[in-house]
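> Pasting a predicted model and its sequence here:
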Amino acid sequence: MSGEGDSAVGEHGVSKRAKAANRKVAKPESRLAMVRRARRINRELAEVYPYAHPELDFRNPFELLVATVLSAQTTDLRVNQTTPALFAKYPTPEDLAAAVPEEVEELIRPTGFFRAKTKSIMGLAAALRDDFDGQVPGRLGDLVKLPGVGRKTAFVVLGNAFGVPGITVDTHFMRLARRWRWTESDDPVKIEAEIATIFPKSEWTMLSHRVIFHGRRICHARKPACGACPITHLCPSYGEGETDPEKAKKLLKYEMGGFPGQRLNPPAGYPGRPAPPLGGDA
């Protein structure tokens, strides 16, 4: 009398254990295959987001630098709604360095952590005034010496104000790089170094914009809209989020979901609606 379990014989006379043994184990993706897939993701994202851009409003390197420092622990939208008044009152590093801290704190309060941020932006303004003739330097080594400026902030400024290629590893970029198996690291500096070996330097800045755009609009942290994603055929993490197309469509954000973007003054070619000013209706 045969027992039940692993040794049980199926209807075609093959044991369950034998069937399991005969199943092919998926081969790990080779480095070459991963690089090819990663570059294809970048090409396809370029078609999805031909208008990808930095989502902070700025008119010059100083404004971009300050706005990027203010964007820590808040949204670009909130920064964009806050900086018009700040830059109207303090348009230059010299002006900001000489400001009354309490007045700056009040202006940037909506961005959160306003006391620490006031110290940073006034400190970097003073450093620009004293050490760089009031000009934002275009070198990584100089930028990261400024108060409140790390590699991520420096690369945002270099890539978008000076045309110097850089990879911006923010929370969105880090999340997607791991979901797409470009890296297993959770250290931004290591991720930056690994991604730099996958893509040509000329692609670094726009790659950063495309990945961040995708992370904000479709591949969200908690509920990725897998069913509305245009690159599911290239994603090894497909299924982590909502796969039903109709339900996934409701998760889309910004112009993808028909809502205002993050910039009050988006660049030409942006297909969505500008964000409202602080206190305005969305």
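Yep, that arrived.
> Would you map the helices across the stretch 1-150 of the chain?
Along the stretch 1-150 of the chain, the stretches classed as helices by DSSP state H, counting those that start in this stretch are 16-22, 31-48, 61-70, 76-89, 93-97, 101-108, 114-131, 140-143.
> From the contact counts, what lies against the fifth one?
Read it as helix 93-97. Packing partners of helix 93-97 (3 or more CB pairs under 8 Å, 6 or more residues apart in numbering; DSSP states H and E): helix 114-131. The C-beta positions use only the backbone N, C-alpha and C, and glycine is treated the same way.
> Give the buried residues for the helix it packs on.
For helix 114-131, the neighbour count (16 or more other CB atoms under 10 Å) marks 114, 117-118, 120-129 as buried.
> Let me know the closest of these to Leu96.
For those, the residue nearest Leu96 by CB to CB is Ala125; the value is 3.8 Å.
> How about the contacts made by that closest one?
Applying CB atoms under 8 Å, 6 or more residues apart in numbering to Ala125 gives the contacts Val66, Tyr90, Pro93, Glu94, Asp95, Leu96, Ala97.
> out of those residues, which are buried?
Using 16+ other CB under 10 Å as the burial test, those include Val66, Tyr90, Pro93, Leu96, Ala97 as buried.
> what about the last one, distance to Asp57?
Summarising the geometry, the distance separating Ala97 from Asp57, computed by CB to CB, to the nearest Å, is 22 Å.
> follow-up on the earlier one: from the contacts of Ala125, which two are the most distant?
For the contacts of Ala125, the farthest-apart pair by CB to CB is Val66 and Glu94; their separation is 13.4 Å.
> in the chain, which helix or strand is least confident?
When the helices and strands of the chain are scored by mean pLDDT, DSSP states H and E, helix 16-22 comes last with a mean of 44.
> Distance to Gln73 added to the contacts of Ala125, as JSON lines?
Conversion of the contacts of Ala125 to JSON lines gives the following (distance: CB to CB, whole Å):
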{"residue": "Val66", "distance to Gln73": "15"}
{"residue": "Tyr90", "distance to Gln73": "22"}
{"residue": "Pro93", "distance to Gln73": "23"}
{"residue": "Glu94", "distance to Gln73": "28"}
{"residue": "Asp95", "distance to Gln73": "25"}
{"residue": "Leu96", "distance to Gln73": "20"}
{"residue": "Ala97", "distance to Gln73": "24"}
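> So which of those residues is the closest to Arg217?
Lowest distance from Arg217 to the contacts of Ala125 (CB to CB) belongs to Val66, with 25.8 Å.
> Give the full set of residues in contact with the closest residue in space to that closest one that isn't next to it in sequence.
Distance criterion CB to CB, 6 or more residues apart in numbering; nearest residue to Val66, sequence neighbours excluded, is Ile121 at 5.2 Å. Residues near Ile121 by CB under 8 Å, 6+ apart: Val66, Val69, Leu70, Leu96, Val104, Ile108, Gly148.
> mind checking how far the closest residue to Val48 other than its chain neighbours is from Met206?
Excluding the flanking residues, the one nearest Val48 by CB to CB, 6+ apart is Pro230, at 5.3 Å. Pro230 is 17 Å from Met206, where distance means CB to CB.
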